[in-house]
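J.: give the three-dimensional model of this entry:
(one chain, ligands or ions: 1)
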Amino acid sequence: MPARLPQDTPVMVIGAGTMGSGIAHVAARTGHPTVLLDLDAAALDRGRASIEKDLAFLRDKGRLTPEAHDATLARLRLSSELADAGPCALVIEAIVEDVAVKRRLFAQLEALVADDAILASNTSSISITELAAGLAHPGRVAGMHFFNPAPRMALVEIVAGLVTDAAVVDTLHSTALAWGKTPVIAQSTPGFVVNRVARPYYAENLRTLTEHACDAATLDALLREAGGFAMGPCELLDLIGLDVNLMVTKSVFGALGFDGRYAPSLIQEELVRSGRLGRKSGHGFFSYAPQSPKPVPRTAAPEAVVARVTAPHRVGGLEALVDRLAAAGIEIRRVPREESAHLQIGDARVELS
Ligand code: NAI
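T.: Here you go, the predicted model:
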């Protein structure tokens, strides 16, 4: 088993948004002195507050000792200075899903970190091969793709680009395991594994809304209650961030030659244009303002329970149905077949051939 990154090795996470703050939480909790960097001071404050809230929750539930809680916070440092990456053996970027911005960042980082430092990207969809291209040491670049919320979701895709060193993939794999995650190694193909499969799922759900098949709350309820998903697609999109999800969709759509199955949804584009980005902006498909009512699915009013069924004798294949109705406590009134050739269940009449 190749060595994980030693527990006391400094790690930098760049981008203090939804994902970066969660990843910094994981790194700091597992022992790494962790620097969380963002160019936006307000984002740093929000990132720190969200980590504090998550850690306090774990402590209050008894899942983290007060000592581990305090030690985690003591290992976490906020920064807006890229030069703080200098001593870090692993830098994980979780900034905007834009290939040019990410490449520029990696080029700047290469000038600051040691030659053997690993540069990892939390990108959901951008080619790792492309992120590495043009660097002096492209073999050190790999994907380390966490899922939202990073402290709770076990899966991490470790993504190898065309020239990623095998040792880098092994180190990230062992490190993710040591961080309590379930790492899966994938090649840098469009959307890797999870987003390749998830894009058509989002697209099909959004198409049902475009076609007015039902509203967002009903779609969510159906997928949760009948489909067995932990969250419905709309609340999940609100959690992920509609803007971030849209950029990933566009990126995978382009990378797969504009295959229609991966086309972005107009509904999602409109929400993003209006600034409704999901939970982080207080409104997406649903409102997250304090006191907002919970979304209510539209369901049909329940029918009154039938009290009595009239059935002729010898109803053939329907006899099993009559037996089940009787077993459910419904009164069965049998009539001679000559008198009636139909089954009467409440107002419904089933003709028997
Ligand atoms: P976000 O919009 O919540 O946060 C991004 C943060 O990066 C912002 O605070 C922004 O100020 C900062 N930033 C932007 N450019 C920067 C730069 N050059 N230097 C330093 N900071 C910079 O985005 P989110 O959702 O955390 O996504 C980040 C990355 O993680 C993206 O690549 C996304 O595709 C990926 N991802 C997102 C998931 C999600 O559910 N939101 C899930 C898995 C991956």
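J.: so what's the residue count around the residue in the chain positioned nearest to the ligand?
T.: Proximity to the ligand, evaluated over the chain using C-beta to the nearest ligand atom, is greatest for G17 at 1.8 Å. Every C-beta, even on glycine, is put in place using the N, C-alpha and C of the backbone. Around G17 there are 19 other residues, counting by other C-beta atoms under 10 Å.
J.: residue contacts, the closest residue in space to T65 that isn't next to it in sequence?
T.: Closest residue to T65 apart from its sequence neighbours, by C-beta to C-beta, 6 or more residues apart in numbering: R59 at 7.5 Å. By C-beta atoms under 8 Å, 6 or more residues apart in numbering, R59 lies in contact with 65-66, 69.
J.: how close does the residue of the chain closest to the ligand sit to Q344?
T.: 62 Å (C-beta to C-beta, to the nearest Å).
J.: mind listing the strands for this structure?
T.: Remark: strands assigned in the chain by DSSP state E are 11-14, 34-37, 76-79, 90-93, 118-121, 141-146, 155-160, 182-187, 308-312, 331-335, 342-345, 348-351.
J.: give the contact list for C214.
T.: Applying C-beta under 8 Å, 6+ apart to C214 gives the contacts 208, 222, 298.
J.: check it and give its pLDDT.
T.: On pLDDT, C214 comes in at 96.
J.: flag every residue of the stretch 201-350 of the chain that's near the ligand.
T.: The stretch 201-350 of the chain comes close to the ligand at residues 240-241, 244, 248, as judged by C-beta under 6 Å from any ligand atom.
J.: hmm, which two among those are most spread apart?
T.: Distance extremes for these: the farthest pair is G241 and V248 at 9.9 Å, using C-beta to C-beta.
J.: L55 is in contact with T72, correct?
T.: Yes - contact status for T72 versus L55: in contact at 5.9 Å, counting by C-beta atoms under 8 Å.
J.: so between these two, which is more surrounded?
T.: More neighbours surround T72 than the other of T72 and L55, with 24 against 21 (other C-beta under 10 Å).
J.: quick one: residues contacting the nearest residue to G22 once chain neighbours are set aside.
T.: Excluding its sequence neighbours, the residue lying closest to G22 (C-beta to C-beta, 6+ apart) is A150, at 3.0 Å. Listed by C-beta under 8 Å, 6+ apart, the contact partners of A150 are 19, 22-23, 25-26.
J.: and with 10 Å instead?
T.: Residues in contact with A150 (C-beta atoms under 10 Å, 6 or more residues apart in numbering) are 13, 18-27, 54, 94, 122, 156, 179, 181.
J.: try D215
T.: D215 is in contact with 208-209, 221, 234, 285, 295-298, counting by C-beta under 10 Å, 6+ apart.
J.: need phi/psi at it.
T.: Backbone torsions of D215, given as degrees, to the nearest 10, read phi -90, psi 170.
J.: got any ranges where the stretch 1-150 of the chain has weak pLDDT?
T.: Scanning the stretch 1-150 of the chain for pLDDT under 70 picks out 1-2.
J.: which residues of it lie near the ligand?
T.: Contact residues, the stretch 1-150 of the chain versus the ligand (C-beta under 6 Å from any ligand atom): 14-20, 37-40, 43, 94-97, 101, 105, 122-124, 146-148.
J.: among these, which ones are buried?
T.: 14-20, 37-38, 43, 94-95, 97, 105, 122-124, 146-148 (16 or more other C-beta atoms under 10 Å).
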